[in-house]
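1. I need the structure of the sequence given here:
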Amino acid sequence: MGEWWVYPNGINMLEGLDFWSTNPDFGLIPGTTTPDPNVCNCTPPEPGHWEPDPDNPARLPRDVIIDFLRRIPEARSSFCRLFRLMSTEEQERLTWIAMMAKLFKRDPKLWDDLFQKGQNTVGIYTTGPKGGIGYRRP
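-> The predicted structure is shown next:
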């Protein structure tokens, strides 16, 4: 059985790069304010957005990958296996995507340890009317 993100013909859908752009004309027919249906389904284009890299375009947009990672367990496990096979630039992109999908979660033991540390460091009275040696009720 193949990987979840890889088509039978060998195309890895996690491959590719994108970059943040503030080009206000992205997704529009040149010289107009009409969205180009061949580029995107967005109306109107956002002031900032991810554009595919011209040399190595991303096969899937970030929001689609994040949605798959959040909903489909097979996609998560396949993502983790394929991650180390990607190029350094692609790994940087996928690390950001994984963090947005909350794929890398904190260890529950870490949360327990932090809670216990907070309980163990509560103030202890050693002097004064509520503590210390020699305190007696009147």
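
2. what's the weakest-modelled helix or strand in this protein?
-> Averaged element by element with mean pLDDT, DSSP states H and E, the chain has its least confident helix or strand at helix 108-120 (a mean of 73).

3. Which of the residues in that one are classified as buried?
-> Across helix 108-120, burial judged by 16 or more other Cβ atoms under 10 Å covers no residue at all. C-betas here are computed from N, CA, C, even on glycine.

4. residues in contact with it?
-> Contact with helix 108-120 is made by no outside residue, as judged by Cβ atoms under 8 Å, 6 or more residues apart in numbering.

5. where do the helices sit along this structure?
-> 62-71, 73-83, 88-100, 108-120 (DSSP state H).

6. CSV for the ones you listed, including distance to residue 2?
-> Output for the helices of the chain, formatted as CSV (distance: least, Cβ to Cβ, whole Å):
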stretch, distance to residue 2
helix 62-71, 16
helix 73-83, 9
helix 88-100, 19
helix 108-120, 32
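
7. now for those helices, which one comes closest to residue 8?
-> Smallest distance to residue 8 across those (Cβ to Cβ): 14.1 Å, for helix 73-83.

8. and the gap between residue 117 and residue 59?
-> 45 Å (Cβ to Cβ, to the nearest Å).

9. Kindly format the C-alpha coordinates of stretch 62-78 as CSV.
-> Below are the C-alpha coordinates for stretch 62-78, written out as CSV (Å, rounded to 0.1, in the frame of the first residue of the first chain):
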residue,chain,number,x,y,z
ARG,A,62,-1.7,25.2,2.7
ASP,A,63,-5.3,25.3,4.0
VAL,A,64,-6.2,22.1,2.2
ILE,A,65,-3.2,20.3,3.7
ILE,A,66,-4.1,21.6,7.2
ASP,A,67,-7.7,20.5,6.8
PHE,A,68,-6.6,16.9,5.8
LEU,A,69,-4.1,16.8,8.7
ARG,A,70,-6.8,17.8,11.2
ARG,A,71,-9.4,15.3,10.0
ILE,A,72,-7.7,12.2,8.5
PRO,A,73,-5.5,10.0,10.7
GLU,A,74,-3.9,8.3,7.7
ALA,A,75,-2.9,11.7,6.3
ARG,A,76,-1.2,12.5,9.6
SER,A,77,0.8,9.3,9.8
SER,A,78,1.8,9.5,6.1
